[in-house]
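Here's my sequence, what's the structure:
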Amino acid sequence: MRFASVVVLFCTLLSAGIPASASSSPKNLPSNYRHWIEAEVPYIITSVEKKQFLALTTDEERDSFIDAFWRVRNPDPNSDTNTYKEEHYRRLAYANEHFGNARYEDGWRTEMGRMYIILGPPKQRAPYHEKPNMRDMEIWFFEATTPALPPYFYILFYKPSPTESYRIYSPYQDGPRVLVTTGRADNTNEQAIAFIRRSAGDEVAKTTLTLLPGESVDFDNPTASMMSDSLLATINDLADNPITKERLEANRLREHVTTSILIGDQNMTTGYGVFRDDQGRQTLSYLMASAFPDARIIGTRPDGSQYYDLTLRTSLLTADGKSVYDQEDQLTGKLTDAQAQVAKKKRFVAEARLPLAPGAYKLIMTLTNNVNHIATRQQASVTVPAVKNDGMGISELLNYAPPNAVPDPSNQLPFSMSKLRFVPRGAQSVFLRAGDKLPLVFQLWLDPKAGGASAAAEKVHLHYVFGAVTASHDPPTEENEDVDASNRDQAGNLVTGHTLDTSNLTVGTYRLVVTATREGSKQPSYAAMTLHVQRVSDYNDSWTAYGAAEPGGVALDDFKRGLSADAQGKDALAQELYARALDEGPIDSRPLEKLTTVLQRQGKNNDLAALSQQPMLAGTAVAPNALLAISQALTKEGNAKGVVRMLETQIKLQPPNAALYLALADASESTGNSARAHDLRTLAAGIH
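Here you go, the predicted model:
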């Protein structure tokens, strides 16, 4: 019960304003709480959380907040051990012992201590001490544990003087000349680089110009890009980074699930189908079906009304386990008393849709009944096929519930194909009452119509065969049908269906195979389904629920497809999908930011520079990393005016950012506006 009260307090604070009696400074806190916020968590607490903590007025509230603070960061909410908290305090203890005065436990204040606490132990640590005419340096090499940072990067520390502590080195703001002590007043970056190369080698010299291993440098013209400073700015603000906040928010949403009973997957089955729209875009729809009726799905409100309230959370991973994206669907609705009585006697089926690029994936699906806090989890491996325009394919078979499909003009609902929504009874595997007929629907995937013109009459031959899985003396049942392929849409999709007469099937398990052969072709396509025929007394019908269509529409769908292509390393396809999402949803900055990363990775400088013309940049704040990449591309093209035009607009739309100010200062200098460049550098210097 104590944990429940903690969650309520923490979530309430997140949605509430700061009371008038709030403390504005940690100095007003009791010493133990002041130590917690100033010396224990200053680098990992978000600015919003800090304000909320300072707003608390009692020690009980503060204890509850701290408890919830650690719980929301626990990677495994069902474990009694919080590995995140344990690792954080291990880092804090190490920093206090090794980087400051152990007696005063102030290592957390040092810049080395701060980096160690935020990033953890470096993979490699290379000291460069007591080298003639060079300041003491250490280079730490890191492998990122968050997508907010590049996969690999360096942090370089140096001592401005023998008696001072190590400081973080900035390739752009400091420059190599601060690392060399030749005694020459006219020491330049060019001279310093040449000296460092002779004394410490090319790899160290390169690190003084860029902290990113993959970024190229020119030793003859040693100019540091803004990317390293952007990296340092991201690290400094990691607690408030959008990716960090999204993860914390997702964990907060899971808080009601952490008190649930996870009963496993023994009572659920899954099935899925991949369908295309008239633009050839693919979407996977899946269902989780209970094996038996469960009256606990239905709840009763204090006023006596009936309802259901479930959360379906889907974690999508590539086949090798790389995270793609998470999706959460809220399945809620009101029921009349009559509807509730019927639903309690039927199996429940939850539906969801996932826009995906072709590839193999792993789904982790968690369905939580918010009425009684019972959760069940399933995993499934799924494949989204790549459809070739010069061949023919066939989707999975879907057994649907009468009446016929209803229109879905936006094609945004689960189990919609060609703007028609079907109520699923089963996909890949279906339970059937003995004597019932089996209505099926599926898509044939053919070549697109040329220019949208009407295609000549053409037949596709369909052959249906089903028989017992176990050995049987009864011959399989076969049916044939021809469909007109000229009715396909502009992407080449043809929705067709067939109702099979299964009245002769006795109780048992059967296999249905559909063969589709294009007229004049000898290369058939196949789809299959398992049929479980049950006794009338054993059969239970089903009812389904799905979440509301996401407001992002096709733009969000294509963005998700881009993420799935990106996670698989399919850069060309990811570029195409991100660009399409950007055109379809010009106010969402995420496709632009992801597209920037893909173009950078491919070295497509011209395409990267062209992004500066995106209308979004005039009114939507875009991530600094993306802006710096576009600025760098424009600079390579000699278009400093383009950098000025873009960044002057963007710095008005977002919080102060030193890296953006410095990039704009350089561009302003190049266009002859030295006064503006000076002002911007002053602004940048004032940001910590």
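
which SS class is residue 313?
strand (DSSP: H, G, I helix; E, B strand; the rest coil).

Is it correct that it is in contact with residue 327?
Yes - shown here, residue 313 and residue 327 form a contact pair, counting by C-beta atoms under 8 Å, at 7.4 Å. C-betas here are computed from N, CA, C, even on glycine.

is the closest residue to residue 463 other than its chain neighbours in a bridge, and if so with what?
In space, and not counting its chain neighbours, residue 463 is closest to residue 515: 4.3 Å by C-beta to C-beta, 6 or more residues apart in numbering. Per DSSP bridges, the residues bridged to residue 515 are residue 463, residue 526.

contacting residues for residue 515?
Residue 515 is in contact with 462-463, 465, 524-526, counting by C-beta atoms under 8 Å, 6 or more residues apart in numbering.

Against residue 64, how distant is it?
Here the criterion is C-beta to C-beta, to the nearest Å. By it, residue 515 lies 63 Å from residue 64.

got it, and residue 482?
Taking C-beta to C-beta, one finds residue 482 at 69 Å from residue 64.

any idea where the helices of the stretch 251-400 of the chain begin and end?
With DSSP state H, counting those that start in this stretch as the criterion, the stretch 251-400 of the chain has helices at 255-258, 337-343.

Least confident of the ones you listed, on average?
Ranked by mean pLDDT, the helices of the stretch 251-400 of the chain bottom out at helix 255-258, with a mean of 46.

what's downstream of the least confident helix or strand in the chain by mean pLDDT, the next helix or strand?
Every helix and strand in the chain was compared by mean pLDDT, DSSP states H and E; the lowest is helix 2-15, with a mean of 32. Where DSSP states H and E defines the elements, the next helix or strand beyond helix 2-15 is helix 31-35.

Okay, buried residues for that following helix please.
Residues of helix 31-35 classed as buried by neighbour count (16 or more other C-beta atoms under 10 Å): residue 33.

And the average pLDDT for that helix is what?
92.

Name the nearest residue to the residue nearest the centre of the chain, ignoring sequence neighbours.
Nearest to the mean C-alpha position of the chain, by C-alpha atoms, centre = their mean, lies residue 325 at 3.6 Å. Excluding its sequence neighbours, the residue lying closest to residue 325 (C-beta to C-beta, 6+ apart) is residue 563, at 5.1 Å.

just to confirm, which helix or strand has that neighbour in it?
helix 553-567.

cool, and residue 643?
helix 640-650.

One more: residue 543?
strand 542-546.

That strand pairs with which strands?
In the sheet, strand 542-546 lines up with strand 347-355 (parallel) (DSSP bridges).

could you dump the strand it pairs with to CSV, C-alpha only?
These are the backbone C-alpha positions of strand 347-355, laid out as CSV (Å, rounded to 0.1, in the frame of the first residue of the first chain):
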residue,chain,number,x,y,z
ARG,A,347,-13.7,-14.4,-25.3
PHE,A,348,-12.0,-11.0,-25.4
VAL,A,349,-9.7,-10.0,-28.3
ALA,A,350,-7.4,-7.0,-28.2
GLU,A,351,-6.3,-5.5,-31.5
ALA,A,352,-3.4,-3.2,-32.5
ARG,A,353,-1.7,-2.0,-35.7
LEU,A,354,2.0,-1.3,-36.2
PRO,A,355,3.2,0.5,-39.3
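
Measure how far that strand is from the centre of its chain, please.
20 Å (C-alpha atoms, centre = their mean, to the nearest Å).

now that strand and helix 553-567, what's the angle there?
Relative orientation of strand 347-355 versus helix 553-567 (axes from the mean of the first three to the mean of the last three C-alpha atoms, to 10 degrees): 80 degrees.

What residues sit buried inside strand 347-355?
Going by neighbour count (16+ other C-beta under 10 Å), the buried part of strand 347-355 is 347-355.

Redo those residues as CSV? Include pLDDT and distance to residue 655.
Output for the buried residues of strand 347-355, formatted as CSV (pLDDT from 0 to 100; distance: C-beta to C-beta, whole Å):
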residue, pLDDT, distance to residue 655
347, 94, 51
348, 95, 46
349, 96, 46
350, 96, 40
351, 97, 41
352, 97, 36
353, 97, 36
354, 97, 34
355, 97, 32
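
Pop the domain breakdown of the chain in here.
In terms of domains, the chain is parsed into 2-93, 122-239, 272-386, 389-539, 553-685 (source: automatic domain parsing).

Burial-wise, tell me which of these comes out on top.
Comparing those by mean neighbour count (mean count of other C-beta atoms under 10 Å), domain 553-685 comes out on top with a mean of 19.

Among the buried residues of strand 347-355, which one sits closest to residue 93?
residue 354 (43.2 Å; C-beta to C-beta).

Now do the contacts for the closest residue to that closest one other than its chain neighbours.
Nearest-residue entry for residue 354: residue 284, 4.7 Å, with adjacent residues in sequence omitted and distances by C-beta to C-beta, 6+ apart. Applying C-beta under 8 Å, 6+ apart, we find residue 284 in contact with 272-274, 353-356, 382, 384.
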